[in-house]
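Colleague: Build me a model from this:
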Amino acid sequence: MGFGVFLYLAWNNFEIPFAPWTKTAETKAEITDNALGYGPMGRGFTQIITISYQVDDSVYFQKKKLSQRIEKKEIGSKVLIEYAVKDPGNFEIKGFLKQ
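Modeller: The predicted model follows:
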């Protein structure tokens with residue numbers, strides 16, 4: 001049981017997803033900044049993207065570090081996110097949309 005939980009968390013980059021009772025909604029966000037850095041031991045690269053999205057009358061700017069498995073994203077690209085309705089700053093990237 002414990003090993004299964006460890007594998008699940010490892011597969012999700014040790015990020016805990018939304019609790020089952022959390023009400024969520026989806027929206028589109030736009031990448032407004034992309035900071036590139038070297039990956040571990042100089043191999044590959046890492047990306048920290050800044051996304052902006054609007055919920056009701058508020059605009060949110062959030063940063064997210066992407067996995068090395070994800071190809072380089074350009075500024076202006078669209079992202080599909082899922083956010084907690086009561087706390088829109090709590091979000092999860094669901095996918096990247098083709099332009």
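Colleague: ranges for the helices of this protein?
Modeller: Assigned by DSSP state H, the chain shows helices spanning 2-11.
Colleague: max-length strand in it?
Modeller: strand 24-38 (DSSP state E).
Colleague: for that strand, packing partners?
Modeller: Under the contact criterion of 3 or more CB pairs under 8 Å, 6 or more residues apart in numbering; DSSP states H and E, strand 24-38 touches strand 45-55, strand 78-84. To be clear about C-beta, it is placed using only N, CA and C from the backbone, and glycine gets the same treatment.
Colleague: Give me the sheet partners of that strand and which way each runs.
Modeller: Note on strand 24-38: by DSSP bridges, its sheet partners are strand 45-55 (antiparallel), strand 78-84 (antiparallel).
Colleague: list the buried ones in the shortest one?
Modeller: Neighbour counts over strand 78-84 (16 or more other CB atoms under 10 Å) mark V79, I81, E82, Y83, A84 as buried.
Colleague: In terms of pLDDT, where does W11 sit?
Modeller: Note on W11: pLDDT of 69.
Colleague: no, scratch that, I was asking about P17
Modeller: As predicted, P17 sits at a pLDDT of 61.
Colleague: same thing with P20?
Modeller: If you check P20, the pLDDT there is 66.
Colleague: Ok, the one 4 residues further on next?
Modeller: We note a pLDDT of 88 for T24 in this prediction.
Colleague: How many residues are close by it?
Modeller: Neighbourhood size, T24 [other CB atoms under 10 Å]: 15.
Colleague: just V5 next, same as before
Modeller: 9.
Colleague: in this protein, what secondary structure element scores lowest on mean pLDDT?
Modeller: helix 2-11 (a mean of 75; mean pLDDT, DSSP states H and E).
Colleague: Pull out the buried positions in it.
Modeller: Buried-residue list, helix 2-11, by 16+ other CB under 10 Å: empty.
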